[in-house]
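Q: Structure for this input, please:
(chains A, B, C, D, E and F)
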6 protein chains.
Amino acid sequence: MTEVIRSTAEKIRNLQVQGARNVAIAAVKAIQIQAEQTKAKNKTQFLDELKEAQTIFSASRETEPLMRNAIRWLITQTQNANTEKVGEITKLVVSSAKSFLSDLEDCKEMIAEIGAKRIPDGSVIFTHCHSSTVTQMLIKAKVNGKNFKVICSETRPAFQGRITAKELIDFDIETTFIVDSAARTFMKNVDMVIVGADAITSEGNVVNKIGSCGIAVLAHEARVPFYVVSELLKFDPETLQGECEKIEQRNPSEVWSDAPKKLLVCNPAFDVTPNRYIHGLICEEGIIAPQTIVEVMKRSYEWLF
Amino acid sequence: MTEVIRSTAEKIRNLQVQGARNVAIAAVKAIQIQAEQTKAKNKTQFLDELKEAQTIFSASRETEPLMRNAIRWLITQTQNANTEKVGEITKLVVSSAKSFLSDLEDCKEMIAEIGAKRIPDGSVIFTHCHSSTVTQMLIKAKVNGKNFKVICSETRPAFQGRITAKELIDFDIETTFIVDSAARTFMKNVDMVIVGADAITSEGNVVNKIGSCGIAVLAHEARVPFYVVSELLKFDPETLQGECEKIEQRNPSEVWSDAPKKLLVCNPAFDVTPNRYIHGLICEEGIIAPQTIVEVMKRSYEWLF
Amino acid sequence: MTEVIRSTAEKIRNLQVQGARNVAIAAVKAIQIQAEQTKAKNKTQFLDELKEAQTIFSASRETEPLMRNAIRWLITQTQNANTEKVGEITKLVVSSAKSFLSDLEDCKEMIAEIGAKRIPDGSVIFTHCHSSTVTQMLIKAKVNGKNFKVICSETRPAFQGRITAKELIDFDIETTFIVDSAARTFMKNVDMVIVGADAITSEGNVVNKIGSCGIAVLAHEARVPFYVVSELLKFDPETLQGECEKIEQRNPSEVWSDAPKKLLVCNPAFDVTPNRYIHGLICEEGIIAPQTIVEVMKRSYEWLF
Amino acid sequence: MTEVIRSTAEKIRNLQVQGARNVAIAAVKAIQIQAEQTKAKNKTQFLDELKEAQTIFSASRETEPLMRNAIRWLITQTQNANTEKVGEITKLVVSSAKSFLSDLEDCKEMIAEIGAKRIPDGSVIFTHCHSSTVTQMLIKAKVNGKNFKVICSETRPAFQGRITAKELIDFDIETTFIVDSAARTFMKNVDMVIVGADAITSEGNVVNKIGSCGIAVLAHEARVPFYVVSELLKFDPETLQGECEKIEQRNPSEVWSDAPKKLLVCNPAFDVTPNRYIHGLICEEGIIAPQTIVEVMKRSYEWLF
Amino acid sequence: MTEVIRSTAEKIRNLQVQGARNVAIAAVKAIQIQAEQTKAKNKTQFLDELKEAQTIFSASRETEPLMRNAIRWLITQTQNANTEKVGEITKLVVSSAKSFLSDLEDCKEMIAEIGAKRIPDGSVIFTHCHSSTVTQMLIKAKVNGKNFKVICSETRPAFQGRITAKELIDFDIETTFIVDSAARTFMKNVDMVIVGADAITSEGNVVNKIGSCGIAVLAHEARVPFYVVSELLKFDPETLQGECEKIEQRNPSEVWSDAPKKLLVCNPAFDVTPNRYIHGLICEEGIIAPQTIVEVMKRSYEWLF
Amino acid sequence: MTEVIRSTAEKIRNLQVQGARNVAIAAVKAIQIQAEQTKAKNKTQFLDELKEAQTIFSASRETEPLMRNAIRWLITQTQNANTEKVGEITKLVVSSAKSFLSDLEDCKEMIAEIGAKRIPDGSVIFTHCHSSTVTQMLIKAKVNGKNFKVICSETRPAFQGRITAKELIDFDIETTFIVDSAARTFMKNVDMVIVGADAITSEGNVVNKIGSCGIAVLAHEARVPFYVVSELLKFDPETLQGECEKIEQRNPSEVWSDAPKKLLVCNPAFDVTPNRYIHGLICEEGIIAPQTIVEVMKRSYEWLF
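A: Alright, predicted model coming up:
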């Protein structure tokens, strides 16, 4: 096992690397390096190394299907390789890693392009937390000449909404910033909610930053369409097999660093938005109903099953 | 005009005095002092002084019907006085002020007693922000032998939920503390939501700390009864006459002290929960449907109209 | 029986006189004339004349509680008269009729004043059909400096929305005109729906022009508050005693003058909006929850019961 | 304490006497006999006897506000008596008991009369369990010439629906009989649900036979109005003071007489229907919104508070 | 460019040809004629002609995916042709056009057959506007011996409901005719709503005549299933790529020919019904959930992507 | 026709064999025996025998898609046989029957495995009626170490809930038993509802034991996820072609054996739960959104169409 796997997993664990995309990218790059430095004598040993990396990365964070799917991709490619030669397998893994990263970049671009068309001119968009795919889409819409305003919520406890606000302001998008619990007050005049995703379950439910589902409920109450923006590979195939998506419980000190001793501070990182509150899933294939996610994956990512 | 009116109003304006009850108490006490120091020669001048005080206090904060009703009470008592003698009127105002403050204290006690009975044994209670009436009720329930847990939300931007958490912990009430946007995640296992009120409109809608209505919507989604705890004198008679309850907009720096210059930070202090989301209003007369508030007030506080 | 009763009832029947207020006014004036021309020899005969008029007017249109309550008022006043002299009774009826009409006018004025305050500056108001009380309120709001737009629906089959549109345009209120079935498309950006009423039931349900309740449902779907504007005397005391409010079925030819012979054309004049869809009832006492209508009437119009 | 109190309470406890009305009538009659047989020497002793009876009856069944209110009435009358003579007090209690029973009978008659008018001709009515007030209303409607059908659910575990079905069939009312869980299938074509009540809370919620609230939810889903038929004295004043209405837990053997030993069989007698599902409360004052129950009681039954 | 393209497009633009099917048929026939009269020298020129026709037809009306898909079909067939010979390509286009029209006719027949089975015997069906597919289905059900009634709304501004009513009456189907805003009054006793479609979005939302979605909301409120009848080729592939379905704004004079000058008359031709209100989509493949539309199209109309 | 077909069909008709799986298994085994005893001279005659069996079994019970699909499978296999020799066809049918039964058993096992993972530790599960797939899943979860409680409803009229309760108690699963109409009272504290299925329609609606849909509505009201457990072959392909799933009407005497003569006792065996109330369908492919059922079937059971 090369050192890069352990050190990268450690960075993921302690949040030096965060965000579903960044985590996946880091893991893929580490595995690529591992492949280049492999001491495996044959395919079996090579695969053992990959699976050890898989185990280590899986243990680093609970809710990261994109990273897990990326590693599954590399392992599947290796398993399907028509060769036993380690050098050739290494080349295959390296090129698979590169194509994965390149596809991921393309997806983001396509999603931004598709989503940007859906933003109505003169509209008010609500977003929560920070998603680079969401901000890229909004910026794309701005660049394409759409005129709109954004409301973004601060996203306690880590205030990722501030990152979103800064990115939008930098692109001259008129932005309003509010505390999370002001969402209902502002929702009445919103035309569209757009959030990212950390995971998609087999029923088409979406796991995203804590607060997302509450916003979805409030959007539903005010007849505001709620869209989720996500690469399809955030689908978690384990949910199809019955697993509940695990919700990471983060450090209480993020919420209140000097809380009274007897107080139980709970800090779940994500919540789950049921498909009935989701107007559309904006992914690299276009805008679809989230209920069909399994069929879409079976058609387009057959290797995942 | 004695100095005490201006200085008290200033303390209310700059939030040295805050909380609907504290604000009302401060104003009543200031007027009592003003009455004791009056230079009025006759009833007319005395009333002019009172009305000037009324004007000053009304301008100090936007959403304070309890304070306004308290002042209305003192003015009404003065107007109805069967005497023109300033000394006698002063005595009347002083005793009216004292009886008002004493009644207010009794109300709080009664509300705590009534509400404490409604808390089910073995239940989970959700509360938001800090209301001394709510915490007194919870403590009363604890003292009466009820066994229950409380979930309280931090209540951005000013973190009043921390005050609530500390008070409850001090009375050995098992308490869980969460960020505001985790309300939906925890709501499924809640048995009862209890919040305070800053104002009650003539339709029976309730104005309370920003976030309250979002919680009410989420409680409704999960079939959790949502109760409001309030003295009846938080009813705002101006809403009956058509006025919308004004929602105070507070300083953006409370939300983000070093926000980017071009960013619009909005900081509304309150939101409005429609009567259809309110299971019951716990007031000094007992637990009632909020829709009947005008009839209750006309029966019990006739002088207000 | 003087001729004026029959001729007025006939005008009401054939819609020469229409609108709940106009119908009530016409009936009161006719009874006043009848009283002035009475041939009754004593109170009993006088009352018999009144009751005959009541019977005739009741038969002229089905859904007219304001008219019926007006006649009840005149009969009650007569019954309570402390005299048996016909001349004195006549004077009493005439003055009662005048005070009724004057109060009715005052109510309309008060309602307009109260409702005008509730219209938010910069808002979009939706209205249906034509109600002189609603248009007076909107004009009052305009005169008071409120800036707002109105969307009004044409109101098939008789196109009363055109009357509303003309009145508003004449007062320079920016108005959009749509077919009835476009209500959902436009509702998303509406801030407030305001409609009149033909009758109010004891549960607080509101009978108004066909289409009103569908609009209420669509307002509810989009979190838009739905207000009803009405004099309290449109309350129908017979609903308290169990009667269903009768819904007038009008001439099919209003809908399709040359419909195919075998086609059943149905033309109900009104529908019923349940209290759960009504945000507030704007009446001469202020803005109240419709559920309390019986208590309000028992307090303010005791003679009705 | 005369024997009649204990024996009557025992009959209530072991369900020889059941139904809110029958229980109240039995208790009133027993107290009347006790009064006639009193050994009290003075008013104080007389009241002590009454209060002892009150304690015994209160302990006999948990959810019986009508009985409790009846006893409160007799005690209040005694307390207000302008005499200390036991003979006179006895007469007063006897006449109060008689007037109470007579009023109760009148109420039932009035409710039947009022409710019968509300049944639409040609309609389908759904009812649950057995309420003599409901069946009297249906029979009254039939006698008055209304043509309608009834669907009644069997009402497990005690099959009271069979009593209802028999009573209706005996009056030639076309009746369909179903298992409780078929309610949703049949609800689509129902025009009106009518059930009785065991208790009414201060918010206007209704306690009635287990299953009632589920039916209310299904009625709401299908836009079917859900009416509750009840004497106002089923209002429970203790709920105003914060108490939750207690729900009697009955013998598991009613559900499954030879259940497996380790199985926990739960048999709650009642459930609670929230006011938002109740279209109207049909009581002796007419058809009202349940939210106003406290105001109605304060106006009409002042002695209760 | 042959004249037939321009003249047909003009007829579509000025509504001489209308209805999604008729518009598609006219365009296909025009392109067939164009192909037969082509002056193209080679495949490239032939395709250029087709694309010019595509541009012209696309500009003729905004919401016509069936027509656009038809043209895409002809272009795709041409592009895939294994020949460069213009004569052969012409034959291919002509036969493709004929097979398209024939398939379209078959679809309608199949949809009618499938939908007719779903109509319950003894039921009440609600429909809006005029759709030849819907009326064919109803007539098929009648012919197959089903006994049912239809309620149809007049469909302002152009009264297409009158066409529907006439067609149904001609086939002895018992029909009731109402104004659009009476939909809620009649919905309670409806068993099934059936409407056509002008376009289907990638989420499974349905674009149809203005008023359709309001009816869907009212059907949902009363637990009435709402079905959409449509050929699958009304699916608009551009919505998958992010475009919002454009809603045609028609001439205000259709609504009010002599409207006051300052009045803004808005006349949107269609509205959008979200998939959550649609019980089933009746198409040539059977009755399906609208959410799956993209998967169905990818399986059955692969050439569209 | 061998006797086994008729006798098995008779057992199905008179409920000696019941439960969708048992019925299907019995029919397959009977056809297997018929095949082994065939007197057919050629493929055509063999197929005629199969189709006669199909007709007989179809007539035995109305709502049995699993049995019908099983027979379709055997017929399809026979039709596709590459031989005309009766001996070889018989072998094919026998092996097809065996593989069908074996697959059915595997499905049940897989479903139990998948569903068991979804049960949260420390949760309360609600189930209705008896489904061997549901109890196997619960037992599997228990065996896998999950700690949970079950609430089961008695399921009138035939009390199948008692079978469920006994099976669970035998595996030491803590179980509470209630009457059907107590479902709402207990639903508030439930974490998950799990029921079986008798048929699945093409929209993804589920036909199951009467009462299931009412429970789904109550689960929805309390934000409790409602899962359906079913083999995919309970999908009914005839619903895709427009047929409504027939609901079997069983003997009234099951409900009330000595009902009054004039009473109409209705005893529908099943109800239909619309897809919007179903959180997930747990089938052999995993947990999916029910809306996609047709796509799943077309992908995995192509022979069915």
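Q: okay, now A:Ala158: neighbour count?
A: Using other Cβ atoms under 10 Å in any protein chain shown, A:Ala158 has 20 neighbouring residues. Backbone N, C-alpha and C define where each C-beta goes, glycine included.
Q: burial of the spatially closest residue to it that is not a sequence neighbour, as a residue count?
A: Excluding its sequence neighbours, the residue lying closest to A:Ala158 (Cβ to Cβ, 6 or more residues apart in numbering or on different chains) is A:Glu254, at 6.3 Å. For A:Glu254, the neighbour count with other Cβ under 10 Å is 15.
Q: swap in the one 4 residues further on?
A: By the criterion of other Cβ under 10 Å, A:Asp258 has 7 neighbours.
Q: same question, A:Ser257
A: The burial count for A:Ser257: 9, using other Cβ under 10 Å.
Q: and it, how far is that from chain E?
A: Distance of A:Ser257 to chain E, computed by Cβ to the nearest Cβ, to the nearest Å: 43 Å.
Q: where does A:Tyr227 land in three-state SS?
A: Under DSSP: H, G, I helix; E, B strand; the rest coil, the three-state class of A:Tyr227 is strand.
Q: what does A:Val272 give?
A: strand.
Q: which strand residues sit across from it in the sheet?
A: Per DSSP bridges, the residues bridged to A:Val272 are A:Val207.
Q: returning to that earlier point: what's the residue nearest to A:Ala158 in contact with, if anything?
A: A:157-158, A:267 (Cβ atoms under 8 Å, 6 or more residues apart in numbering or on different chains).
Q: Ok, A:Val134 next?
A: Neighbours of A:Val134 in contact, by Cβ under 8 Å, 6+ apart: A:127, A:164, A:194-196, A:229.
Q: Now tabulate those in TSV and tack on pLDDT, distance to D:Ile278 and secondary structure.
A: As requested, the contacts of A:Val134 are exported to TSV (pLDDT from 0 to 100; distance: Cβ to Cβ, whole Å; DSSP: H, G, I helix; E, B strand; the rest coil):
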residue	pLDDT	distance to D:Ile278	secondary structure
A:Thr127	98	41	strand
A:Thr164	98	45	helix
A:Ile194	98	40	strand
A:Val195	98	38	strand
A:Gly196	97	43	coil
A:Val229	98	43	strand
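Q: need the contact list for the residue lying closest to A:His279 once chain neighbours are set aside.
A: Leaving out its chain neighbours, the residue that sits closest to A:His279 by Cβ to Cβ, 6+ apart is A:Pro225, at 3.7 Å. Each residue near A:Pro225 by Cβ under 8 Å, 6+ apart is listed here: A:192-193, A:219, A:279-280.
Q: Rebuild the residues you listed as TSV, extending it with neighbour count, secondary structure and pLDDT.
A: TSV is the format used below for the contacts of A:Pro225 (neighbours: other Cβ atoms under 10 Å in any protein chain shown; DSSP: H, G, I helix; E, B strand; the rest coil; pLDDT from 0 to 100):
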residue	neighbour count	secondary structure	pLDDT
A:Met192	20	strand	98
A:Val193	27	strand	98
A:Ala219	25	helix	98
A:His279	24	coil	98
A:Gly280	25	strand	98
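Q: So which residues make contact with stretch A:190-197?
A: With contacts defined as Cβ under 8 Å, 6+ apart, stretch A:190-197 is touched by A:20, A:115, A:118-120, A:123-129, A:131, A:133-134, A:137-138, A:151, A:206-209, A:212, A:215-216, A:219, A:222, A:224-230, A:234, A:282, C:188.
Q: what's the burial count for A:Lys146?
A: Using other Cβ under 10 Å, A:Lys146 has 19 neighbouring residues.
Q: So, low pLDDT: which residues of chain A?
A: Under the criterion pLDDT under 70, the flagged ranges of chain A are A:1.
Q: give me that answer again for 80
A: A:1-2 (pLDDT under 80).
Q: Do you have the strands of the stretch 151-300 of chain A handy? List them.
A: A:174-178, A:192-195, A:199-200, A:206-209, A:226-229, A:264-265, A:270-273, A:280-283, A:286-288 (DSSP state E, counting those that start in this stretch).
Q: Which elements pack onto the fourth one?
A: What that stands for is strand A:206-209. Contact here means 3 or more Cβ pairs under 8 Å, 6 or more residues apart in numbering or on different chains; DSSP states H and E; on that basis strand A:206-209 packs against strand A:199-200, strand A:270-273.
Q: Go again with 10 Å.
A: strand A:192-195, strand A:199-200, helix A:212-221, strand A:226-229, strand A:270-273 (3 or more Cβ pairs under 10 Å, 6 or more residues apart in numbering or on different chains; DSSP states H and E).
Q: which ones are touching A:Glu64?
A: By Cβ atoms under 10 Å, 6 or more residues apart in numbering or on different chains, the contact set of A:Glu64 is A:12, A:20, A:23-24, A:27, A:57-58, A:70, A:198-199, A:234, A:236, A:246, A:248.
Q: Spell out, range by range, the helices that occur in chain A.
A: Taking DSSP state H, the helices of chain A run over residues A:3-13, A:20-36, A:43-60, A:65-80, A:86-118, A:132-143, A:160-170, A:183-187, A:212-221, A:237-240, A:293-300.
Q: which one of the ones you listed is the most hemmed in?
A: helix A:212-221 (a mean of 26; mean count of other Cβ atoms under 10 Å in any protein chain shown).
Q: Any part of that helix near chain E?
A: Yes - using Cβ under 10 Å from any Cβ of the partner chain, helix A:212-221 reaches chain E at A:His220.
Q: picking that back up, B:Asn82: which of the strands of the stretch 151-300 of chain A is closest?
A: strand A:174-178 (53.5 Å; Cβ to Cβ).
Q: Quickly run through the sheet partners of that closest one, with directions.
A: strand A:148-153 (parallel), strand B:264-265 (parallel).
Q: Need the winner for burial among those.
A: Ranked by mean neighbour count, the strands paired with strand A:174-178 are led by strand A:148-153 with a mean of 24 (mean count of other Cβ under 10 Å).
Q: re earlier: return the two entries of the contacts of A:Val134 that lie farthest from one another.
A: Across the contacts of A:Val134 (Cβ to Cβ), the longest gap, 12.9 Å, separates A:Thr164 and A:Val229.
Q: what touches both of the two?
A: Residues within reach of A:Thr164 and of A:Val229 at once, by Cβ under 10 Å, 6+ apart, are A:127, A:131, A:134.
Q: Pull up the gap between the first one and chain C, please.
A: So that's A:Thr127. Taking Cβ to the nearest Cβ as the measure, A:Thr127 falls 19 Å from chain C.
Q: Same question for A:Pro252.
A: Distance from A:Pro252 to chain C, counting by Cβ to the nearest Cβ: 35 Å.
Q: Next, the contact list for the residue lying closest to that residue once chain neighbours are set aside, please.
A: Counting by Cβ to Cβ, 6+ apart, A:Pro252 lies nearest to A:Val265, which is 3.6 Å off, once chain neighbours are set aside. With contact set as Cβ under 10 Å, 6+ apart, A:Val265 has these partners: A:157, A:251-257, A:259, B:154, B:165, B:175-179.
Q: redo that, cut-off 6 Å
A: Contact analysis of A:Val265 by Cβ atoms under 6 Å, 6 or more residues apart in numbering or on different chains lists A:252, A:255-256, A:259, B:177.
Q: By neighbours, which of those residues wins?
A: Neighbour counts for the contacts of A:Val265 peak at B:Phe177, which has 26 neighbours (criterion: other Cβ under 10 Å).
Q: Please convert the shared contacts of A:Thr164 and A:Val229 to TSV, extending it with distance to B:Trp303.
A: Shown next, in TSV, are those (distance: Cβ to Cβ, whole Å):
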residue	distance to B:Trp303
A:Thr127	50
A:Ser131	56
A:Val134	55
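Q: ok, so of those residues, who is nearest chain E?
A: For the shared contacts of A:Thr164 and A:Val229, the closest approach to chain E (Cβ to the nearest Cβ) belongs to A:Val134, at 14.4 Å.
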